[in-house]
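Participant: Mind looking at a prediction? Sequence and model below.
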Amino acid sequence: MRAHLRTILATIGVGAGAAFVAAAMAIYAGAYNVAADDTHWGLTLSVLETARTRSIQVRAAGIKVPTDLDDPAKLAMGVEHFAAHCAVCHGAPGVPRGEIAKGMYPAPPDLAHAASRYSDAELFWILKHGIKMTGMPSWADHGDDELWATVAFLKKSGMSATAYGELVKDNLMHGMQHHPRGEAMPGMSHGEAVPPAADAPHRPNPR
Ligand code: HEC
């Protein structure tokens, strides 16, 4: 009986070793195509999907969500941050994705329904840390306040293009300072910012 078990384990060991050597040889031979215009195999995709989902869920589990995400000032700050840094890849209500996003793989998804896929803490974790090997950057240097404000915006999944455009315009008139509406930067009075032309398109500030 024991000898039998040993034979089975040895066979598994040799099989796994052979598979590892074959995979290493295939990789070294350049068989794996890293081109962004070549899609993943179904198996690769499902492994990556699962790794991403679980990695985010586990790491976001301990994050405490602030209680003021419904504050309109937070929303205004989040819209501004989103228009300046995110819409170029993800698009926004009434704003198509920018040129850079078209050739990316994976393509940056439309975030209109991101809040139904992720909890607030998970969204915050994604924004703060980014996602490896996808092009989704880490925004850790922007500070937690701005990132929570952006989460507040992502939760408004049904925002109309008009409402979004109004908030962006409002922010432009206050100097695009990542500050909640009505709260000026130190040393700057409200009157100083130049209002945009009435027909200015509602597109994100390229910074
Ligand atoms: C350079 C392009 C780029 C920029 C700029 C960018 N992202 Fe992303 N983002 C991506 C890509 C690509 C993915 C897809 C990652 C994946 O498939 O795992 C992604 C994924 C996400 C996701 C997860 C969506 C989902 O359905 O799984 C969220 C949320 C997100 N981004 C929010 C933001 C926010 C907020 C900003 C601005 C602060 C931002 N992104 C800026 C490229 C970008």
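Facilitator: Perfect, thanks for sending it.
Participant: which helices and strands does the top helix by length along the chain pack with?
Facilitator: Criterion DSSP state H: the longest helix present in the chain is helix 2-28. Judged by 3 or more CB pairs under 8 Å, 6 or more residues apart in numbering; DSSP states H and E, helix 2-28 has no packing partners among the helices and strands. Placement of C-beta: from N, CA and C, glycine included.
Participant: Next, the buried residues of it.
Facilitator: Residues of helix 2-28 include none that count as buried (16 or more other CB atoms under 10 Å).
Participant: quick one: L9 from the ligand, how far?
Facilitator: For L9, the distance to the ligand equals 38 Å [CB to the nearest ligand atom, to the nearest Å].
Participant: Quick check: end-to-end length of stretch 152-169?
Facilitator: 18 Å (CA to CA, to the nearest Å).
Participant: Now that stretch: buried residues?
Facilitator: By 16+ other CB under 10 Å, the buried positions in stretch 152-169 come out as 152-156, 159, 164-165, 167-168.
Participant: Repeat that for stretch 139-155.
Facilitator: Of the residues in stretch 139-155, those buried (16+ other CB under 10 Å) are 139, 142, 146-155.
Participant: got a list of contacts for that stretch?
Facilitator: Stretch 139-155 has contacts (CB atoms under 8 Å, 6 or more residues apart in numbering) with 66, 69-71, 74-75, 77-79, 81-82, 85-86, 111, 114-115, 120, 123-124, 127-130, 159, 178, 180.
Participant: So which of the buried residues of stretch 139-155 reach the ligand?
Facilitator: Here is what survives when the buried residues of stretch 139-155 are matched to the ligand using CB under 6 Å from any ligand atom: 139, 150.
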